[in-house]
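**Student:** with the input below, show me the fold.
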Amino acid sequence: MSYNFIYNLPLLVLAAVVLIACIGFSLLVIKVIRLMGWVLAPDEIATATVLHGSISVLNAFTLGLIVVGVQSQYR
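**Tutor:** Numbering: from 1, shown residues only. Below you'll find the model as predicted:
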């Protein structure tokens with residue numbers, strides 16, 4: 001299956017589709033977490049915050065490296 005149609009979509013439509021998909025996924029995950037009763041205890045919140053922050057920094061660093069690597073191909 002070819003996904004070349006994505007290049008023909010207007011940027012606002014593509015952004016809206018991606019945003020709606022991300023928000024929908026987030027709401028679905030929140031609903032599943034609440035239904036399953038997966039709740040952090042108050043003493044676990046600090047650890048979860050540090051882990052979340054560390055993973056976010058790692059993702060930002062990785063995306064930065066990807067952008068630098070791709071950008072050098074267009075010069």
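**Student:** separation between the residue nearest the centre of the chain and residue 10?
**Tutor:** Of all residues in the chain, the one closest to the mean position by Cα atoms, centre = their mean is residue 22, 7.4 Å from it. According to Cβ to Cβ, to the nearest Å, residue 22 and residue 10 sit 19 Å apart. Yep, even glycine has a C-beta here, placed from its N, CA and C like the rest.
**Student:** for the chain, which segments count as helices?
**Tutor:** Secondary structure of the chain (DSSP state H): helices at 11-36, 45-71.
**Student:** tell me the domain boundaries of this structure?
**Tutor:** According to automatic domain parsing, the chain comprises the domains 1-39, 41-75.
**Student:** what stretches of this protein score poorly on pLDDT?
**Tutor:** 75 (pLDDT under 70).
**Student:** again, 50 this time
**Tutor:** The model of the chain has no residue with pLDDT under 50.
**Student:** before we move on, back to that, could you dump the helices of the chain to CSV with distance to residue 3?
**Tutor:** As requested, those are exported to CSV (distance: least, Cβ to Cβ, whole Å):
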stretch, distance to residue 3
helix 11-36, 12
helix 45-71, 18
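**Student:** so which of those helices gets nearest residue 1?
**Tutor:** helix 11-36 (17.1 Å; Cβ to Cβ).
**Student:** centre of the chain versus that closest one, how much separation?
**Tutor:** Remark: helix 11-36 is offset 10 Å from the chain centroid, using Cα atoms, centre = their mean, to the nearest Å.
**Student:** tally of neighbours for the closest residue to residue 39 other than its chain neighbours?
**Tutor:** Distance criterion Cβ to Cβ, 6 or more residues apart in numbering; nearest residue to residue 39, sequence neighbours excluded, is residue 33 at 8.0 Å. Other residues near residue 33 come to 11 when the count uses other Cβ atoms under 10 Å.
**Student:** do the same with residue 38
**Tutor:** 8.
**Student:** what about it, distance to residue 63?
**Tutor:** Distance of residue 38 to residue 63, computed by Cβ to Cβ: 28 Å.
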